[in-house]
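Novice: structure for this input, please:
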Amino acid sequence: MFLGTHEPKLDEKGRLILPARFREELSEGLVITKGQERCLYVFPIAEFTAITERLRGAPVTEKSARDYMRVMFAGAHDEVPDKQGRVTIPSGLRTYATLEKECVVIGANTRLEIWDATAWSAYLEDREKGFADVSTEVLPGLF
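Specialist: Below you'll find the model as predicted:
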């Protein structure tokens, strides 16, 4: 499980140092791909493999399933972090998420998300009020 918020910087070669607390779980390999709200998703290789297996069951006759899989897999990049815990984020993914130097890496349960720091701040500011004011169950039976 990935938790917390971290603020690593992207270097001039497009590399990001993964937070130390996540490195062991990602040491066997990871997949970086496009996420919703213009962030990047980072999955441990085993989790990405499990997602791939579930997506194989999606009907290819369903346009939304085809569209989602095309964008997700076409933008995916697999990698093994180096000894310093760095991963290279390809330029296409950096462009998609508007990543420059200041980044935020958040734990999002089974994945990490990489955000441009300004975009994350705006997103969080917008969503925290709604989070604090929720008066009904978001997922029935959870709380």
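Novice: tell me how many other residues crowd the residue lying closest to residue 45 once chain neighbours are set aside.
Specialist: Leaving aside its sequence neighbours, residue 45 sits nearest to residue 29 (C-beta to C-beta, 6 or more residues apart in numbering; 3.9 Å). In short, each C-beta sits where N, CA and C put it, glycine included. Other residues lying near residue 29 total 15 when counted by other C-beta atoms under 10 Å.
Novice: distance check, residue 29 against residue 91.
Specialist: The gap separating residue 29 from residue 91 is 21 Å, by C-beta to C-beta, to the nearest Å.
Novice: spell out the residue ranges of the helices in the chain.
Specialist: Ranges of helices in the chain, per DSSP state H, are 20-26, 45-56, 63-74, 91-96, 117-133.
Novice: please list all residues in contact with the spatially most central residue of the chain.
Specialist: Nearest to the mean C-alpha position of the chain, by C-alpha atoms, centre = their mean, lies residue 41 at 1.7 Å. Listed by C-beta atoms under 8 Å, 6 or more residues apart in numbering, the contact set of residue 41 reads 32-35, 111-113.
Novice: show me which pair in those residues is furthest apart.
Specialist: Greatest spatial distance in those: 34 and 112, 13.8 Å, computed using C-beta to C-beta.
Novice: tell me which of those two has more neighbours.
Specialist: Neighbours per residue (other C-beta under 10 Å) separate residue 34 from residue 112, with residue 112 holding more: 26 against 18.
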